[in-house]
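A.B. asks: Structure for this input, please:
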Amino acid sequence: MASDAEAPRSKLRWLLLLAGLTVLAVGVGGAGGLYMVATIEKAVTEKKKLEEEQVQKVVAYDASFSLANIGTVVTNLASPSDVWIRLEASIVVKTGTFPNPNPIAAEIRQDLLGYLHTLSVAQIEGPSGLVHLREDLTERVQLRSKGQVRDFFIETLVIQ
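C.D. replies: Just a heads-up that it's a prediction; the model follows:
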């Protein structure tokens, strides 16, 4: 009879042990997840701060430079023609080079519009396509401004 009474106790011990291990696993998993979320949030915050500092360094590197917004360029691509591209960009110009940077920004915007209209989706796919696009746009900006623009930034690029 002693063995009959120990069988339910033995099952109860195993169930309690399994329940305890389950609670422990849930606790460790939850703590690990919270730690990972905090680490990722910290990394994202630091990355954003770094990017903002880099832009500010470029602009504040020399007080004789200023940031001018080109505006928004929206056009369809050459292939396929039902795909649209939206680009927002800025340029860094030497202060005093252009008494009013709006006319040169408008010329650059029109030049970018014409160039973007000739692209196909295949040309701007992937990271290397984006790098080539930025290089091509920077070159066009340099040509249009006769070398007076110091740098070109793509702020937003949406392909839809």
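A.B. asks: list the contacts for Pro101?
C.D. replies: Counting by C-beta atoms under 8 Å, 6 or more residues apart in numbering, Pro101 makes contact with 66, 68, 91, 93. C-beta here means a position set from N, CA and C on the backbone, and glycine is covered the same way.
A.B. asks: Just the ones in helices from these, please.
C.D. replies: Within those, no residue falls in helices by DSSP state H.
A.B. asks: Using pLDDT, spot the least trustworthy of these.
C.D. replies: When the contacts of Pro101 are compared by pLDDT, Ser66 scores lowest at 79.
A.B. asks: For it, list each beta-bridge partner.
C.D. replies: Val93 (DSSP bridges).
A.B. asks: measure it to Glu6 for me?
C.D. replies: Plainly put, Ser66 is 85 Å away from Glu6 if you go by C-beta to C-beta, to the nearest Å.
A.B. asks: the more surrounded of the two?
C.D. replies: Neighbours were counted for Ser66 and for Glu6 using other C-beta atoms under 10 Å; Ser66 has more, 16 against 11.
A.B. asks: mind giving me the domain ranges of the protein?
C.D. replies: Taking automatic domain parsing as the reference, the chain has its domains at 1-61, 62-159.
A.B. asks: Point out the most buried one among those.
C.D. replies: domain 62-159 (a mean of 15; mean count of other C-beta atoms under 10 Å).
A.B. asks: Tell me which stretches of this structure form helices.
C.D. replies: 2-60, 101-116, 126-144.
A.B. asks: possible to save those as a markdown table with distance to Asp82 and mean pLDDT?
C.D. replies: Below are the helices of the chain laid out as a markdown table (distance: least, C-beta to C-beta, whole Å; pLDDT from 0 to 100):
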| stretch | distance to Asp82 | mean pLDDT |
| --- | --- | --- |
| helix 2-60 | 33 | 86 |
| helix 101-116 | 15 | 90 |
| helix 126-144 | 19 | 92 |
